[in-house]
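Q: predicted coordinates and the sequence they were generated for:
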Amino acid sequence: MANHVSALKRARQTETRTEVNRANRSRVRTSLRALREALAKGDAKAAQAQYRATVSVLDKSVQKGILHSNTASRYKARLNARLRALSTAKA
């Protein structure tokens, strides 16, 4: 355990940041899972709405340092391709 005041403070800050990072990472994973489930069901309207929400969550995760910008771009491109494939299959 830390003995110095500064080390104790750093330990407290680490715990707080760990909780925030865990919550943000969970939010990203939940959103991705919801979009993948909507795509699997084949409901184009629901998938489109969920895609918008997921893109927003991914962009926020980049700002917060949870994901690298290229990783988020890759997710968005692949999910958008699946969404377009679903939309064209329905049309």
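A: Yep, that arrived. Since this is a predicted model, take the numbers as computed values, not measurements. Numbers count the residues shown, from 1 in each chain.
Q: drop to CA atoms for contacts and neighbour counts, all remaining ones
A: Will do.
Q: got the buried residues for stretch 28-45?
A: Neighbour-count burial for stretch 28-45, with 16 or more other Cα atoms under 10 Å as criterion, is recorded at Val28, Ser31, Leu32, Ala34, Leu35, Arg36, Ala38, Leu39, Gly42, Ala44.
Q: what about the helix of greatest length in the chain, distance to the chain center?
A: Determined from DSSP state H, the single longest helix within the chain is helix 5-41. Distance, stretch centre to chain centre, for helix 5-41: 9 Å (Cα atoms, centre = their mean, to the nearest Å).
Q: ok, now stretch 75-86?
A: Relative to the centre of its chain, stretch 75-86 is centred 15 Å away, using Cα atoms, centre = their mean.
Q: separation between the residue nearest to the spatial centre of the chain and Thr54?
A: Nearest to the mean C-alpha position of the chain, by Cα atoms, centre = their mean, lies Val28 at 2.2 Å. Separation of Val28 from Thr54 (Cα to Cα, to the nearest Å): 8 Å.
Q: still on that earlier bit, between the buried residues of stretch 28-45, which sits nearest Val5?
A: Distances from Val5 to these, taken as Cα to Cα, are shortest for Val28 (34.9 Å).
Q: wait, isn't the closest one in contact with Val57?
A: Yes: the pair Val28 / Val57 is scored as a contact, 6.1 Å apart, by Cα atoms under 8 Å.
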